[in-house]
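[1] I need the structure of the sequence given here:
(chains A and B, ligands or ions: 2)
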Amino acid sequence: MDLVVNGARHRIQSDPDRTLLAVLRDELDLTGTKYGCGEGQCGACTVLLDGAPVRSCLTPAKAAQGKQIATIESLAQNGHLHPVQQAFIEADALQCGYCTSGMIMSSVGLLKKKPNPSDADIKSGLQGNVCRCGTYPRIVQAVRMAAKASNGRVA
Amino acid sequence: MNGFEAERYELHATPTYRFVPDRRDFFKVIGGGLAVLLVLDASADAQESGGAGRRGGGGQAMPQEIGAWLHIAESGAITVYTGKVEMGQNIRTSLAQAVAEELHVSPSKITMVMGDTMLTPFDIGTVGSMTTPVMAPQLHKVAAAAREMLLDLAAQEWKADRASLSIEDGLVRNKASNKTLSFGELTKGQKLAKTITPDARVTPASEWKVAGHDMRKVNARSIVTGEEKYTSDMKLPGMMFGRVVRPSAFKSSLISADTKGAEQMPGVVPVHDGDFLGVACDDSAKLDAAAAAVKADWKTVPQTNSRELYGHLKSTAANAPAWQPIEGDTHAEATYNVAYIAHTPLEPRAAVAQWENGKLTVWTGTQRPFGVRTELAQAFGISEDKVRVLVPATGSGYGGKHTGECAVEAARLAKAAGRPVKLQWTREEEMTWAYFRPAGVIEVRSGARRDGTITNWQFHNYNSGGAALRSPYNIPNQIAEFHGSDSPLRQGSYRGLAASANHFARESHMDELARAAGVEPAAFRFKNASDPRLRAVIEAATERFRWGRAEDRAGQGFGMMAGFDKGGYVSACVELTVTNGAVRIDRIVQSFECGAIVNPDELRNQIAGGTMMGIGGALFEAVDFENGRILNPRLSKYRVPRFSDMPEIDVVLVDRKDLPSAGAGETPIVAVAPAVANAIFDATGQRLRSMPLKLS
Ligand code: FES
Ligand code: FES
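    Ligands and ions are numbered 1, 2, ... in the order given. Purely as a prediction, here's the structure:
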């Protein structure tokens, strides 16, 4: 089985039924994507499949075949942070940071679909992501800032 | 009020060994340069020494109690060593700010080595909101001493008047000659060590330029890019993956185990040692099958269920309260319950263990690396100097990661496998096999005069802990006692654990007594508060909230609270709406005073975070259990606060530059439940006395 992760094609040894999360973390060493619950409840494992956020803990690797898989590691380009990453730093939208990759990937997915979201859009768009440290207000602020900074065009 | 009250359930283990740095080894390990060590024992003299280090007779190399140290290498690199750990409370940044303030360098130039039992001084643990009040002042002192040493070195070098020298932006500058020297130029070829005592002079908070100001996290970039390595992200050469095979109920003992099936699987090492059963696999994909191949027979015993919890806590209490007669025109009497809740850190605990020549190294996210080292040494019967515990980035703890069970398990697997092993607990394991915030029953009887003066206050807490037990109001006739009980579940620390329960009961009861006496709740609190700091936070919160000036809509309610714990004063006002029995918190105004503020923006973030977390304990979270099994050990069954629960949170900071800083990681959480309970009563007329608050 081949997977295209962050623009590069990888030959995958794992069983195609294994979760995408396990393949990313344990086979490809892309550990920015986190395990938090394994049942689609926390969003820590969020990656983009053809631009749309999915829970990699519930996605069998084979379901990602032939699609573009994007993880948190792909967002910064040539040392330049993605506007959402930049906004998370500026809004201080993180404490322990364990939810942050998933929050950022969900936010990028949201902004691709809705470049100028209202606060209600942000909250409902991120409802499946848990921040146990409770930084929700800062995350809403960060997504708002990122939307503004990227002027309706989120890559 | 007398400062800090020990949390009864901070899980402590007395250390049998403390790291005593030998100055000679010290420079061997860290290289030459300049070092400042803070000696906690105030009786030890400040000493200064050149060369490789002074050794007294009898091998008494260094004072026993080192709080922290700072090293400036010959390259000029600044490294601070502290036994504290970063779990999202932002101390990596705030402690770097403290050092930067005194050394006059940018915080980004400072490397913080934290929670490494080989390199950092002994530390009891990152617990009880003590980092800011204790560690930050220590680092101020250490860094101030280093600054003075650098100035001395520069004065010698230039043969200049010390008064004409200053440090700006990491350079020592001679105003007279307009020459500069970098720290590295000054420390080159030096082996200078200085010990200082806690009474060393530091920059007063009112003059801070770096500390006390907003600053983004020093490691924020590596977090947002996914590069930050948490324990669960680690990989060592040859590392295997572990899984523990567990019984289906607590208090089970192993009757028999058959590991033959697992033994035959390639790349799988089963381990059976006493009651411990587990597997190590060369590929994480094999874990499920390998664990399933281990057959075990367990024996368990009947255990208390959550339905019987509160009766059980009362009936097993060590002693019964001695109630006194109540005076006053109005009496109130009520019982409050608090459920067990799970910390639910987003990163379930994880550990990586490695044995090399009889020495054990474990990386794990714990708030007590030195305590975990003790647990490991005891578990394997080796001395503590053979064990090193390091704390990588951690997906938080909230008081839930004080213990080393996962570290011990990983080490046991690694020992059997003869290779490093990573053990990552599953979410279910995290919510079953760790420990919980204690449940509790609190009985209160009180009396007040017609004018609202409290005459009598009797407060008895069963099992949920003694912190913030006494009322901060001015009540001469006050009895407040804690009664230990038999806890059906394993219980331990939690962010503001006992204070949450005690504030919930006290501040709910304050409302009940106020209403019984016919006095408006805020006025009632003012009437009985004489502590000016308590009055100040109540004033700040009620003013911002415009307390008493808003009209309720249908289903709307307003509630408030005030309190004190761990050096922090808090008051909160809540506005909420009840529709068809569902509570939605619309707005929380929280005022907080914890002395001199170290980093206002981060403080707001901590307070808002604590408030969000408090909403969980107030409204939804409760551990359900039956006969030794947790019935809801999953996020799909255990509801934690989400974006939809987010109210408008308005934080009012009361800055007291004249007072020492206290921590803020815990106290804000205590405000939520009582203010919400009082607002629910205001909205519905129903008094809810059990956390989580559920309308029937
Ligand atoms: S780990 Fe996938 S949603 Fe929690
Ligand atoms: S920052 Fe800790 S879980 Fe979100």
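[2] any idea how far the nearest residue to B:Pro660 once chain neighbours are set aside lies from B:Gly492?
    Residue nearest to B:Pro660 in three dimensions, not counting chain neighbours: B:Gly595, with 5.1 Å by Cβ to Cβ, 6 or more residues apart in numbering or on different chains. C-beta here means a position set from N, CA and C on the backbone, and glycine is covered the same way. For B:Gly595, the distance to B:Gly492 (Cβ to Cβ, to the nearest Å) stands at 28 Å.
[3] measure the residue nearest to B:Pro660 to chain A for me?
    Counting by Cβ to the nearest Cβ, to the nearest Å, the gap from B:Gly595 to chain A is 21 Å.
[4] what residues are up against the closest residue to B:Lys229 other than its chain neighbours?
    Leaving aside its sequence neighbours, B:Lys229 sits nearest to B:Pro392 (Cβ to Cβ, 6+ apart; 5.8 Å). Applying Cβ atoms under 8 Å, 6 or more residues apart in numbering or on different chains to B:Pro392 gives the contacts B:229-231, B:234, B:363, B:365.
[5] of those residues, closest to ligand 2?
    The closest of the contacts of B:Pro392 to ligand 2 turns out to be B:Tyr230 (Cβ to the nearest ligand atom; 10.8 Å).
[6] tell me the phi and psi of the closest one?
    phi -90, psi 170 (degrees, to the nearest 10).
[7] can you check B:Pro137 too?
    Torsion angles, degrees, to the nearest 10, at B:Pro137: phi -60, psi -30.
[8] so, low pLDDT: which residues of chain A?
    A:152, A:155 (pLDDT under 70).
[9] where do the helices sit along it?
    A:20-22, A:83-90, A:100-113, A:119-125, A:136-149 (DSSP state H).
[10] the inter-axis angle of the third one versus helix A:136-149?
    Angle of helix A:100-113 versus helix A:136-149, following axes from the mean of the first three to the mean of the last three Cα atoms, to 10 degrees, is 40 degrees.
[11] how about helix A:100-113, which residues are buried there?
    For helix A:100-113, burial by neighbour count (16 or more other Cβ atoms under 10 Å in any protein chain shown) applies to A:100-111.
[12] and it with chain B, contact?
    Yes: in terms of Cβ under 8 Å from any Cβ of the partner chain, part of helix A:100-113 sits within range of chain B, namely A:100-101, A:104.
[13] now the residue of chain A found nearest chain B: closest residue in space that isn't a chain neighbour?
    Chain A approaches chain B most closely through A:Gly32 (2.0 Å), counting by Cβ to the nearest Cβ. With Cβ to Cβ, 6+ apart as the criterion, A:Gly32 has its nearest non-adjacent residue at 2.0 Å, and that residue is B:Gly226.
[14] residue ranges with poor pLDDT in the stretch 551-696 of chain B?
    Using pLDDT under 70, the stretch 551-696 of chain B drops low at B:665.
[15] enumerate the residues of it near chain A.
    Going by Cβ under 8 Å from any Cβ, the residues of the stretch 551-696 of chain B near chain A are B:601-602, B:605-606, B:608-613, B:634-636, B:640-644, B:646, B:649.
[16] picking up where we left off before, can I get the buried residues of helix A:100-113 in JSON lines including distance to B:Lys260?
    Shown next, in JSON lines, are the buried residues of helix A:100-113 (distance: Cβ to Cβ, whole Å):
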{"residue": "A:Thr100", "distance to B:Lys260": "44"}
{"residue": "A:Ser101", "distance to B:Lys260": "41"}
{"residue": "A:Gly102", "distance to B:Lys260": "41"}
{"residue": "A:Met103", "distance to B:Lys260": "46"}
{"residue": "A:Ile104", "distance to B:Lys260": "47"}
{"residue": "A:Met105", "distance to B:Lys260": "44"}
{"residue": "A:Ser106", "distance to B:Lys260": "46"}
{"residue": "A:Ser107", "distance to B:Lys260": "50"}
{"residue": "A:Val108", "distance to B:Lys260": "49"}
{"residue": "A:Gly109", "distance to B:Lys260": "48"}
{"residue": "A:Leu110", "distance to B:Lys260": "51"}
{"residue": "A:Leu111", "distance to B:Lys260": "54"}
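[17] out of those, which comes closest to ligand 1?
    Of those, the one sitting nearest to ligand 1 (Cβ to the nearest ligand atom) turns out to be A:Gly102, at 7.5 Å.
[18] give the contact list for that closest one.
    Contacts of A:Gly102 by Cβ under 8 Å, 6+ apart are A:33-34, A:36, A:42-46, A:129.
[19] do you know the pLDDT at the one residue in the stretch 1-150 of chain B that gets nearest to ligand 2?
    Of all residues in the stretch 1-150 of chain B, the one sitting closest to ligand 2 is B:Gly88 (5.0 Å; Cβ to the nearest ligand atom). B:Gly88 carries a pLDDT value of 74.
[20] what's the answer for B:Arg449, then?
    Reported pLDDT for B:Arg449: 94.
[21] what about it, neighbour count?
    14 (other Cβ atoms under 10 Å in any protein chain shown).
[22] picking up where we left off before, how about the contacts of A:Gly102 in JSON lines, adding neighbour count and distance to ligand 1?
    As requested, the contacts of A:Gly102 are exported to JSON lines (neighbours: other Cβ atoms under 10 Å in any protein chain shown; distance: Cβ to the nearest ligand atom, whole Å):
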{"residue": "A:Thr33", "neighbour count": "25", "distance to ligand 1": "9"}
{"residue": "A:Lys34", "neighbour count": "28", "distance to ligand 1": "7"}
{"residue": "A:Gly36", "neighbour count": "28", "distance to ligand 1": "4"}
{"residue": "A:Cys42", "neighbour count": "29", "distance to ligand 1": "3"}
{"residue": "A:Gly43", "neighbour count": "26", "distance to ligand 1": "5"}
{"residue": "A:Ala44", "neighbour count": "29", "distance to ligand 1": "5"}
{"residue": "A:Cys45", "neighbour count": "28", "distance to ligand 1": "3"}
{"residue": "A:Thr46", "neighbour count": "29", "distance to ligand 1": "7"}
{"residue": "A:Asn129", "neighbour count": "26", "distance to ligand 1": "8"}
